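A.B. asks: this one's sequence-less:
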């Protein structure tokens, strides 16, 4: 049951990019072609991760892989959020 919920949250977190495409194109002033290449790159990264993690899952237990995947996913998202905050603060400091 825990594995099912972890996969559900990973899956919905991975597939929210398509819903934001229109707003991203408008806000960032980039073409749909560029967004398509970004999406393609994310898909390639995901498929490479599946190859690596599939082999790891065969060697390690699911009891290790599921929490480790959840932890690394949370850590990566937190890093990106904090990185954005640091960039914004540095821009404020430079202009002020």
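C.D. replies: Sure, I can see it. What you are looking at is a predicted structure, and each value in this text was computed from that prediction instead of being measured.
A.B. asks: in terms of secondary structure, what does whatever helix or strand residue 57 lives in contact?
C.D. replies: Under the criterion of DSSP states H and E, residue 57 resides in helix 32-59. The elements that helix 32-59 packs onto, with contact taken as 3 or more CB pairs under 8 Å, 6 or more residues apart in numbering; DSSP states H and E, are helix 21-28, helix 62-95. Glycine gets a C-beta too; all of them are placed from N, C-alpha and C.
A.B. asks: list the buried residues in that helix.
C.D. replies: Within helix 32-59, the residues scored as buried using 16 or more other CB atoms under 10 Å are residue 35.
A.B. asks: that one vs helix 62-95, what angle?
C.D. replies: 140 degrees (axes from the mean of the first three to the mean of the last three CA atoms, to 10 degrees).
A.B. asks: comparing the helices and strands packed on helix 32-59, which gets the lowest mean pLDDT score?
C.D. replies: The weakest mean pLDDT among those belongs to helix 62-95, with a mean of 83.
A.B. asks: show me what that helix is packed against.
C.D. replies: So helix 62-95, by 3+ CB pairs under 8 Å, 6+ apart, packs with helix 2-14, helix 32-59.
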